[in-house]
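Visitor: Here is a sequence together with a model predicted from it:
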Amino acid sequence: MIEASVIASPILGVVFCLLHVIVSLVHAWSHLVHQIQCLIISSGLLSKYQNINLNRLRHLAVVIDSEDAKNKSKVHQLLCWLSDIGVKYVILYDIEGVMKKSDKAYEKSSANPSETKCMDFAPNMPLIFDMFGMTVEIISYTDGKEAVAKGANYLCSNYLKNQDDTLNKLGPKFTEPDISSALKAVGHDGPEPDLLLVYGPARCHLGFPAWRLRYTEIVHMGPLTSMKLSAVVKVLYDFSKKHQNYGK
Amino acid sequence: MEKNDKSMITKAIGHVSFVMRKCLFGILSIGPVPAHIAFIMDGNRRYAKRHALHQDSTNPGSGHRVGFKCLISTLQYCYEMGVKYVTVYAFSIDNFKRDPQEVQSLMDLMKEKIDELLTEDSVLKKFDARINFWGDLQLLSEPVRLTAKKAMDMTVHNKGPVLSVCVAYTSTNEITHAIEASVREKQENAPIEVSDLDRNMYTAGCLEPDIIIRTSGETRLSNFLLWQSDFAHLQNPNPLWPEFSLRHLVWAVLEYQNVHGYLKKRKGEIEKNK
């Protein structure tokens, strides 16, 4: 029995590695196909990618891995592309708040700094400014669950103030609009993005505010270092053709 | 005689399949195996349309019946693999907007299948699994609500893996409910913390999902486990839910193993900063 397990373990290990080699080969093939698609799009051969209808895209979110987010020039380049395409509102998110600390870099590097109006950096609050005619909102992990806790405390203090009210004697009863109003009152009332692009090693939203993710389409773009304009164009085009039932 | 032969062959095939799955899962467990997988079982209606299943006003749930069979086999594979928690999005609060006949048919199907899950030869019995129902159960019809409660009471002491069924559920409703409960508790000056909200979620006591799989290629979460999915690997395979099979599950775990190190690192950094 011991001999059988001694023989079996390396065999199982080899099969395990083989399975992961297969996964890597499939990823490599998908990547190649994607690169060819991007090449065709950037060549301008397909007219459908030239004028994308962005009517349904009111708000776009971009989740960037914090390590990638330290590359300020890449982030700035992405914002320029999105502005050129015609996106009107972008929410930038990274879990550690690297981009919040870097917002001044975007102001300095824009062609006309007067076009960029920045608020002062506050680590636990969203940062909103205009850039190239596009509104940019920068948020981080503290704008997610902690913001909901702030909203809960706001509701709690209102509830306790109105304890004599007959309705309140039945116990607290809140609706989803109440929660949205509370989040607005504590400064965390950003819009729900229609589309969310994830730049990083994995398709994971990394703590993007839960209250704002209900029906957001989430697309993985790969690492920020290898971002391509044509890949962004493709995603926006695919989004423009999407249809949602909203549960019906 | 022929019937006996056929059942012997079926049993033999079953045994061989089981042994092969054991080997396969043994291989997969060389890497990290997810402790919690959540499924958005999307595509039942499209499957019924595509396969021209009998779907008319008298039986609008035919696609969902096929979907339930797929759920049972997926549960079996997950539990054999060692996945401790499986969560499924069975019925959203938004789904009440559907045609009333379809909603009623789904409610009837749910009651029927919950009763089936409590029988002796069900997958829950086989694995001594516990069942939870998460959601605003007051929105369900009384027969379904009572059946769900019975199922939870009957399995509450089971020691095996856990099946959590999200029914009459949305994440925003869950968060609202957790805030209500937290406010109800907090009558002194102490502020409400994130940990209080965590404790009052339907999912309290359950590990956060490692993988959330939405079938039929759709890329949104549709108000499912938004609070709990900070570090979940989001996957959206193309097959419709009734087409989801063992090979898709194995692929999902292999994909998860590829990114596990990265997600664990990011999660650890946040936990350290709390």
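Guide: In hand now; what should we look at?
Visitor: And the closest residue to A:Asn124 other than its chain neighbours, what's its pLDDT?
Guide: Once flanking residues are discounted, A:Asn124 sits nearest to A:Thr142: 4.6 Å by CB to CB, 6 or more residues apart in numbering or on different chains. Bear in mind the C-beta positions are built from the backbone N, C-alpha and C, glycine included. We note a pLDDT of 93 for A:Thr142 in this prediction.
Visitor: Please save the CA atoms from stretch A:23-39 in CSV.
Guide: Output of stretch A:23-39 as CSV, limited to C-alpha atoms (Å, rounded to 0.1, in the frame of the first residue of the first chain):
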residue,chain,number,x,y,z
VAL,A,23,-5.3,25.7,-19.0
SER,A,24,-2.3,27.9,-19.9
LEU,A,25,-2.4,26.7,-23.5
VAL,A,26,-6.1,27.6,-23.7
HIS,A,27,-5.4,31.1,-22.2
ALA,A,28,-2.6,31.6,-24.7
TRP,A,29,-4.9,30.7,-27.6
SER,A,30,-7.6,33.1,-26.3
HIS,A,31,-5.0,35.8,-25.9
LEU,A,32,-3.8,35.3,-29.5
VAL,A,33,-7.4,35.5,-30.8
HIS,A,34,-7.9,38.6,-28.8
GLN,A,35,-4.8,40.2,-30.1
ILE,A,36,-5.9,39.5,-33.7
GLN,A,37,-9.3,41.1,-33.0
CYS,A,38,-7.6,44.1,-31.5
LEU,A,39,-5.3,44.4,-34.5
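Visitor: if we can go back for a sec, pretty sure the residue nearest to A:Asn124 sits in a strand.
Guide: No: A:Thr142 is assigned helix when assessed by DSSP: H, G, I helix; E, B strand; the rest coil, not a strand.
Visitor: how much space between it and A:Val148?
Guide: 11 Å (CB to CB, to the nearest Å).
Visitor: So those two - more neighbours on which side?
Guide: Taking neighbours as other CB atoms under 10 Å in any protein chain shown, A:Thr142 and A:Val148 compare with A:Val148 leading, 25 against 22.
Visitor: Just say helix, strand or coil for the more buried one.
Guide: helix.
Visitor: Contacts only, for it.
Guide: Each residue near A:Val148 by CB atoms under 8 Å, 6 or more residues apart in numbering or on different chains is listed here: A:Ile179, A:Leu183, A:Pro209, A:Ala210, A:Trp211, B:Ile175, B:Ile179, B:Val194, B:Leu197.
Visitor: Mind doing that once more with 10 Å?
Guide: A:179, A:182-183, A:186, A:188, A:209-211, B:175, B:178-179, B:192, B:194, B:197, B:227 (CB atoms under 10 Å, 6 or more residues apart in numbering or on different chains).
Visitor: quick one: least confident of the residues you listed?
Guide: Scoring the contacts of A:Val148 by pLDDT puts A:His188 last, at 92.
Visitor: What number of neighbouring residues does the residue nearest to that residue when sequence neighbours are not counted come out with?
Guide: Residue nearest to A:His188 in three dimensions, not counting chain neighbours: A:Ala147, with 3.8 Å by CB to CB, 6+ apart. Look at A:Ala147: counted by other CB under 10 Å, it has 27 neighbours.
Visitor: Are any of the contacts of A:Val148 buried, and if so which?
Guide: Neighbour-count burial (16 or more other CB atoms under 10 Å in any protein chain shown) applied to these gives A:179, A:182-183, A:186, A:188, A:209-211, B:175, B:178-179, B:192, B:194, B:197, B:227.
Visitor: just the strands in the stretch 51-200 of chain B please.
Guide: Under the criterion DSSP state E, counting those that start in this stretch, strands of the stretch 51-200 of chain B are mapped to B:85-92, B:130-134, B:162-169.
Visitor: Can you redo these as TSV, where the extra columns are mean neighbour count and mean pLDDT?
Guide: TSV is the format used below for the strands of the stretch 51-200 of chain B (neighbours: other CB atoms under 10 Å in any protein chain shown; pLDDT from 0 to 100):
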stretch	mean neighbour count	mean pLDDT
strand B:85-92	24	97
strand B:130-134	21	96
strand B:162-169	24	97
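Visitor: Check chain B for the residue nearest chain A and tell me.
Guide: B:Asp94 (2.5 Å; CB to the nearest CB).
Visitor: ok so, going back, ok, now how distant is the residue nearest to A:His188 from A:Ser102?
Guide: 21 Å.
Visitor: and what of A:Leu46?
Guide: 35 Å.
Visitor: which one of these two has more residues nearby?
Guide: A:Ser102 (20 against 11).
Visitor: where does chain A have its least confident helix or strand?
Guide: helix A:103-109 (a mean of 54; mean pLDDT, DSSP states H and E).
Visitor: Just the closest of the buried ones among the contacts of A:Val148 to B:Val162, please.
Guide: B:Trp227 (18.2 Å; CB to CB).
Visitor: from what I can see that closest one touches B:His177, true?
Guide: No: at 11.2 Å, B:Trp227 does not count as touching B:His177 under the criterion of CB atoms under 10 Å.
Visitor: Overlap of the contact sets of those two?
Guide: B:Met201, B:Tyr202.
Visitor: just to revisit the earlier point, who are the contact partners of the residue nearest to A:Asn124?
Guide: A:95-97, A:100, A:122-126, A:150, A:188, A:207, A:209, B:273.
Visitor: so where's the stretch 1-150 of chain B shaky on pLDDT?
Guide: Where the stretch 1-150 of chain B drops to pLDDT under 70, the residues are B:1, B:53-60.
Visitor: Do you know the pLDDT at A:Gly247?
Guide: 66.
Visitor: Likewise for A:Ser102?
Guide: pLDDT, read off for A:Ser102, is 76.
Visitor: From A:Asp94, how far out is it?
Guide: A:Ser102 is 10 Å from A:Asp94, by CB to CB.
Visitor: what touches both of the two?
Guide: Common neighbours of A:Ser102 and A:Asp94 (CB under 10 Å, 6+ apart) are A:Ala69, A:Lys70, A:Val75, A:Ile138.
Visitor: just to revisit the earlier point, pick the one among the contacts of A:Val148 closest to B:His157.
Guide: B:Ala178 (25.8 Å).
Visitor: Just give me the neighbour total for the closest residue to that closest one other than its chain neighbours.
Guide: Counting by CB to CB, 6+ apart, B:Asn200 is the residue found nearest to B:Ala178 once chain neighbours are left out, at 4.0 Å. The number of residues packed near B:Asn200 is 21, by other CB under 10 Å.
Visitor: I'd guessed B:Asn200 sits against B:His177; true?
Guide: Yes: the pair B:Asn200 / B:His177 is scored as a contact, 7.3 Å apart, by CB under 10 Å.
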